[in-house]
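>>> How does the following fold in three dimensions:
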Amino acid sequence: MDGSSEFGDIHELLRTSTTPDVRISLRGFSSEAGAKEMGEIVGIWLRILGACLNLERLEGVTVAYDYDAALAEIDRGISVRNPLAATRDEFAVGVAMAVPVLRDGQPRSHIVVNAGVVHSLKDESDTNHQFAISILAHEAAHVHDLLMQDRAFPGVILQRQITYRENVLLGIASRCWEEYAASRLSARFEHPKQLEGLESLLCGVLENVRTRGNQHIRDYRLHHDLMKLMEQIVGEYGRLMKYTSYLLGHIGGSEHSFAEASPKASQMIEAREYFAPTFTKLSACLENMWSSYGHWTGLEVFDPLKEIAHSFLKTGGVDIQDREGGAAYIHVPFTPETMPFG
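Numbers count the residues shown, from 1 in each chain. Model (predicted):
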């Protein structure tokens, strides 16, 4: 890497970087020399990204060929029921994650990335070089966002006990915001094909989400496992909102409207009456949150997003209602679309 890049003068970027000196763990490399080289390259890129984003809350980095095992072994600093696992479904496979961890009472981030993905950072002529940068930049943006959130509502991230209903709705809302923010903050580093990939991902999820959701409810009428149903319905409709937020964030910093930048997704959303109103509200809400980003004064900034999530889950067939003492009542009304077949 010489003294300049498309992002500016390298030496100046390194001088002004917010990236702290952190340990970079290398796992599964065939040689010590190869691991050392990869660690140095990832370190340089994180320092470059730290001149554009605030990475002072970065507590460590793991670059691993055994990505799943590396994720599962991260010490999150809190008691958790299940170890972390990569996103892996019929639509997407996760290759990197900025894991929130608690250290001495302070939320921080540990970036875990699949070594096979960032391997292309070694060669600027590699066709996947820019893609590797974009993956690292997106996770770095999550580190930046965690700091911004902790400043807005200290003592909440990884530290606040919440009810089941709040856990579901805030979980959807926070994932939507975090992917929107990370995509928007890192858009300048994205691969030229990133927009096309995000649009294709959203369209894939949207294609038959209603059919899948209704089938989950029909199955529930027979097995009566409410928690299983909730996991499935929140998975289907929460995932759709999350991937929509990815794309909205990517487009957000451009001069183009959603319809101009992503015509295929726009047409598909417009044709689905059950999602079009939610999309309009979600887009406006995220844009409004962005306009006040850095000036938030409390967790209530997420309330409008939580209400959108609640309304969309009701559209999908489940209504989570609060009950006294922190309990929740989940109503699954009978509809012609969700009756079991006889």
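
>>> now the strands for the protein?
For the chain, the strands defined by DSSP state E occupy 4-5, 8-9, 24-27, 58-64, 96-103, 106-114, 319-322, 328-331.

>>> partner strands of the last one, parallel or antiparallel?
Sheet pairing for strand 328-331, assigned by DSSP bridges, gives strand 319-322 (antiparallel).

>>> Throw the strands of the chain into JSON lines and include mean neighbour count and mean pLDDT, thanks.
Using the backbone N, CA and C atoms, a C-beta is placed for each residue, glycine as well. Compiled in JSON lines, these are given as follows (neighbours: other Cβ atoms under 10 Å; pLDDT from 0 to 100):
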{"stretch": "strand 4-5", "mean neighbour count": "12", "mean pLDDT": "54"}
{"stretch": "strand 8-9", "mean neighbour count": "12", "mean pLDDT": "64"}
{"stretch": "strand 24-27", "mean neighbour count": "17", "mean pLDDT": "98"}
{"stretch": "strand 58-64", "mean neighbour count": "23", "mean pLDDT": "98"}
{"stretch": "strand 96-103", "mean neighbour count": "20", "mean pLDDT": "98"}
{"stretch": "strand 106-114", "mean neighbour count": "23", "mean pLDDT": "98"}
{"stretch": "strand 319-322", "mean neighbour count": "15", "mean pLDDT": "93"}
{"stretch": "strand 328-331", "mean neighbour count": "13", "mean pLDDT": "94"}
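
>>> Check the spacing between residue 338 and residue 153 real quick.
37 Å (Cβ to Cβ, to the nearest Å).

>>> now residue 137
Taken as Cβ to Cβ, the span from residue 137 to residue 153 is 25 Å.

>>> neighbour-wise, which of these two wins?
residue 137 (23 against 16; other Cβ atoms under 10 Å).

>>> what sits against that one?
If a contact means Cβ atoms under 8 Å, 6 or more residues apart in numbering, then residue 137 has 49, 53, 186, 189, 190 as its contacts.

>>> For the first one, which non-adjacent residue is closest in space?
What it means is residue 49. Leaving out its chain neighbours, the residue that sits closest to residue 49 by Cβ to Cβ, 6 or more residues apart in numbering is residue 140, at 4.3 Å.

>>> cool, residue 84 as well?
residue 71 (4.4 Å).

>>> same question, residue 48
Using Cβ to Cβ, 6+ apart, the nearest residue to residue 48 is residue 13, at 4.9 Å.

>>> For the one you found, list the residues it contacts.
7, 47, 48, 51, 52.

>>> count of neighbours near the second one?
For residue 47, the tally of surrounding residues (other Cβ under 10 Å) stands at 20.

>>> what do you get for the last one?
Neighbour count for residue 52, taken as other Cβ under 10 Å: 21.

>>> For the residue most central in space within the chain, which residues are in contact?
Using Cα atoms, centre = their mean, the residue of the chain that lies closest to the mean C-alpha position is residue 179, 3.9 Å off. Residues in contact with residue 179 (Cβ under 8 Å, 6+ apart) are 242, 243, 245, 246, 249.

>>> low pLDDT regions in the chain?
Counting by pLDDT under 70, the chain shows low-confidence ranges at 1-9, 11, 341-342.

>>> if you count residues, which helix in it comes out on top?
helix 226-252 (DSSP state H).

>>> what distance separates it from the centre of its chain?
Put simply, helix 226-252 sits 10 Å off its chain's centre (Cα atoms, centre = their mean, to the nearest Å).

>>> Remind me what that helix packs against, helices and strands.
In terms of contacts (3 or more Cβ pairs under 8 Å, 6 or more residues apart in numbering; DSSP states H and E), helix 226-252 is packed against helix 164-185, helix 194-207, helix 209-223, helix 258-261, helix 276-291, helix 303-316.

>>> packing partners for the third one?
By that I understand helix 209-223. Packed next to helix 209-223, using 3+ Cβ pairs under 8 Å, 6+ apart, are helix 226-252.

>>> mind listing what's buried in the helix it packs on?
By 16 or more other Cβ atoms under 10 Å, the buried positions in helix 226-252 come out as 229-230, 232-234, 236-252.

>>> With stretch 74-92 instead?
So stretch 74-92, judged by 16+ other Cβ under 10 Å, has buried residues 74, 77, 86, 92.

>>> can you check stretch 29-48 too?
Residues of stretch 29-48 classed as buried by neighbour count (16+ other Cβ under 10 Å): 29, 35, 38, 39, 41, 42, 44, 45, 46, 47, 48.

>>> Export stretch 214-231 to PDB, keeping only CA atoms.
Taking C-alpha atoms only, stretch 214-231 is exported to PDB below (Å, rounded to 0.1, in the frame of the first residue of the first chain):
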ATOM      1  CA  ASN A 214     -49.100 -18.100   7.300                       C
ATOM      2  CA  GLN A 215     -47.700 -21.700   7.200                       C
ATOM      3  CA  HIS A 216     -46.000 -21.200  10.500                       C
ATOM      4  CA  ILE A 217     -49.300 -20.200  12.100                       C
ATOM      5  CA  ARG A 218     -51.200 -23.100  10.500                       C
ATOM      6  CA  ASP A 219     -48.500 -25.500  11.900                       C
ATOM      7  CA  TYR A 220     -49.000 -23.800  15.300                       C
ATOM      8  CA  ARG A 221     -52.700 -24.600  15.300                       C
ATOM      9  CA  LEU A 222     -51.500 -28.300  15.500                       C
ATOM     10  CA  HIS A 223     -48.400 -28.200  17.700                       C
ATOM     11  CA  HIS A 224     -49.500 -25.400  20.100                       C
ATOM     12  CA  ASP A 225     -45.900 -24.400  20.800                       C
ATOM     13  CA  LEU A 226     -46.300 -20.600  21.200                       C
ATOM     14  CA  MET A 227     -42.500 -19.900  21.700                       C
ATOM     15  CA  LYS A 228     -41.700 -21.800  18.600                       C
ATOM     16  CA  LEU A 229     -44.200 -19.800  16.600                       C
ATOM     17  CA  MET A 230     -42.900 -16.500  18.000                       C
ATOM     18  CA  GLU A 231     -39.400 -17.400  17.000                       C
END
